[in-house]
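>>> Take this sequence and fold it.
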Amino acid sequence: MIATVGSLLDGAHARTWELCSAPDGMREDRAAALLAAWPRLASATLRALDMVPLEPVWLDDTASVRQVLAEVVAASCWSQAVGVQQQGDVRAPNRDVLAIARRIGLIADLLSGQSAASTDVDRAAVVGLQANLLAPVHAVAVATMAALSDQTGLQTTRWLFRAVMARTERYAAMPTVERAGRYEDVAAIAPGEPSLDGAIAEWVRATVAALTSPHRATGTALQVAAGDAMILTATAATVCRAATQLGYVDASAAAKALAALAHAHRAWRAPTRWPNTVYLDGVRDVEQTDASRRVRQVVTDSLRRDRDWLPAEAMADRLDIPALVATMRRGMHAVGNVGLAHFQAIENLVRGRGQLWIAANAITQSAYKGVGNDRGRMPQGLGPDAPRRGRRHRPARGRARSPRQHHGRLGCPGRHRRCAADDRGWQRRCSVEGAGTGRRLLRGGPSRAVRDGSPVPVGRSRS
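Down below sits the predicted model:
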C-alpha cells in the first residue's frame with residue numbers, strides 16, 4: 001500500500017485517540033513522559049506547517065500557533081521538574097506522542113516538493129491540512145494538562161500548554177468534511193514502480209522535462225503529451241463513474257467531477273492534432289516516448305478489455321476501488337502539471353526566439369503581416385532598406401497590376417518565376433530572374449518576401 005498524506009493523517013489521529021483513551025496510570029510518570037515527547041511533536045508540526053506556504057502570506061493566520069510551538073521546542077527540560085525526575089531518573093518519552101510526531105514528520109517529507117498555495121482551491125486545501133495537523137496537537141495538549149493537574153511548581157508549564165490549547169482549539173473544532181483537500185492525495189511514489197501510480201509519476205517527470213527543455217520541445221513531444229493527458233482524463237472519468245455505481249463516491253459530487261473531466265477531455269483533443277501549417281521539427285525524445293508507452297500500456301492492462309473499458313463489477317473484482325480513485329486524483333494533479341508545462345512551452349515557442357515556423361499563407365491576423373515580423377526571410381537586396389534601382393525596376397505607381405501586365409509594361413527581360421497575391425490585402429510580389437544578370441524585382445514596394453507555403457518565423461525579427 002502506498003503511503004499518502006491522508007493515510008498518515010489517519011494514523012496520527014488514531015494514535016491520538018488511543019492516547020486520550022488510555023488510563024492515566026501514575027500521573028507523575030504520565031506527565032513526565034508527555035513532557036519529554038512534546039519537543040519532537042512541536043518540531044515536526046512546525047516543519048509540516050512550513051512545507052506549503054500560503055500566498056499572499058498575510059492570509060496565513062497560524063503565526064500565533066507557530067510562536068507557541070516554537071516556545072515548546074525551546075523548553076526541553078520540563079521532565080526534570082516532575083515528581084520522581086528530581087531523583088535523577090530519566091523518563092522515556094510517551095510512545096503514542098512519538099508515533100504521532102513520526103507520522104507528522106513523514107507528512108512534512110511528502111509535502112516538501114509542493115509549491116505555494118496561490119489559488120482559492122489550494123488555499124482551502126491548506127487550511128484543511130493545517131486543521132488536520134493541529135487537531136492532534138490540541139488533543140495531546142489537553143491530555144498533558146490533565147496529567148499536570150496534581151503537579152506542583154509547574155505554573156509556567158501550565159500557562160504554556162493553556163496557550164497551546166487556546167490557539168489550536170479552533171482548528172480542532174473544524175468539521176472533518178471541511179478539512180478534505182488535494183494535499184491528502186500526495187503520496188510517496190517512486191518513478192518506475194510497477195503500478196499505475198509509478199507509471200504516472202515517471203510520465204510526469206519525463207514529459208515536464210521534455211516540454212521545459214528548449215532543445216527537446218518538439219511538435220511530436222507536444223502532441224504526445226496532449227494525447228497522454230487526454231487518455232488519463234478519460235481514465236479518471238471511467239474510474240469515477242465506476243466508483244459512483246459501486247457507492248464509493250457521492251452521486252452529486254461525481255456529477256460535478258464528470259462534467260469537469262468531460263470538458264477537460266474535449267479541451268485536450270485540439271492540441272493532439274498538430275496543424276500542418278506549423279513546423280517544429282526535432283528528434284523524438286526517447287525518455288518521454290518510453291514513459292508515454294508505459295502509462296498507456298498500464299492503463300490498457302489494468303482497466304480495459306476487448307478494446308473497451310472494464311465494467312464497474314469487473315473493475316471491483318480486479319482492483320481496490322478506493323485506492324484506484326485516489327490514484328486517479330493524483331493522476332489529475334499530474335495532468336495539471338503537464339498542462340501548465342504544455343502551455344508554457346507553446347508560449348515560449350510563439351513569443352520566444354523564433355523556433356516555431358508557420359506557413360506564410362496560414363497567417364490570418366493583420367497584426368502579424370508587417371515587414372518587421374518577416375525581415376529575416378527577405379532575400380538580400382529586397383525590402384524597405386533596399387537601394388534604389390533603375391527606372392525600369394522601380395515599383396509602379398497607381399493600382400496594382402497583374403503579373404502579365406507587369407511583365408508587359410516593364411518589358412521584363414527574364415522569364416516569370418513565381419507571382420502570387422493574397423486576398424487579405426498583402427502586397428503583391430513578383431520574383432523575376434533576368435536572362436543573364438540574375439536580377440530580382442520586388443513588385444508593389446516593401447512586402448513579405450516569402451513564397452506561399454514557405455515557413456516564416458514567428459516571434460523573431462532579424463535584419
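
>>> shaky segments in the stretch 301-450 of the chain?
Filtered on pLDDT under 70, the stretch 301-450 of the chain yields the residue ranges 353-360, 367-450.

>>> quick one: what helix or strand has the residue nearest the centre of the chain in it?
By CA atoms, centre = their mean, the chain has its centre lying nearest to residue 337, at 2.3 Å. Per DSSP states H and E, residue 337 falls inside helix 321-351.

>>> So which elements touch that helix?
helix 196-212, helix 219-245, helix 251-272 (3 or more CB pairs under 8 Å, 6 or more residues apart in numbering; DSSP states H and E). In this view, the C-beta of every residue, glycine as well, is placed from N, C-alpha and C.

>>> follow-up on the earlier one: wait, what's in contact with the residue nearest to the centre of the chain?
By CB atoms under 8 Å, 6 or more residues apart in numbering, the residues touching residue 337 are 204, 208.

>>> how close does it get to residue 162?
Distance, residue 337 to residue 162, by CB to CB, to the nearest Å: 44 Å.

>>> just residue 141 next, same as before
8 Å.

>>> Looking at these two, which one has more neighbours?
residue 141 (27 against 13; other CB atoms under 10 Å).

>>> Surely the more buried one is in contact with residue 163?
No - taking CB atoms under 8 Å as the definition, residue 141 is not a contact partner of residue 163, at 9.1 Å.

>>> what touches both of these two?
Contacts common to residue 141 and residue 163, judged by CB under 8 Å, 6+ apart, are absent.

>>> count of residues packed around residue 163?
Using other CB under 10 Å: residue 163 sits among 18 other residues.

>>> Enumerate every residue touching residue 45.
69, 101, 104, 133-134, 137.

>>> got it, and residue 228?
Contacts of residue 228 by CB under 8 Å, 6+ apart are 203, 207, 292, 295-296, 338.

>>> what does residue 335 give?
So residue 335 contacts 229, 232-233, 264 (CB under 8 Å, 6+ apart).

>>> Can I get those in TSV including pLDDT and neighbour count?
As requested, the contacts of residue 335 are exported to TSV (pLDDT from 0 to 100; neighbours: other CB atoms under 10 Å):
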residue	pLDDT	neighbour count
229	96	26
232	96	25
233	96	24
264	95	21
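
>>> so which two of the residues you listed are the farthest from each other?
The largest separation in the contacts of residue 335, counting by CB to CB, is between 232 and 264 at 9.9 Å.

>>> one step back: quick one: the helices and strands packed on helix 321-351 as a markdown table, columns for distance to residue 21 too.
Shown next, in a markdown table, are those (distance: least, CB to CB, whole Å):
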| stretch | distance to residue 21 |
| --- | --- |
| helix 196-212 | 34 |
| helix 219-245 | 33 |
| helix 251-272 | 33 |
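
>>> So the residue nearest to the centre of the chain versus residue 253, what's the distance?
Distance from residue 337 to residue 253, by CB to CB: 23 Å.

>>> One more: residue 145?
39 Å.

>>> ok, those two, which is more surrounded?
Neighbour count, other CB under 10 Å: between residue 145 and residue 253, residue 145 has more, with 17 against 11.
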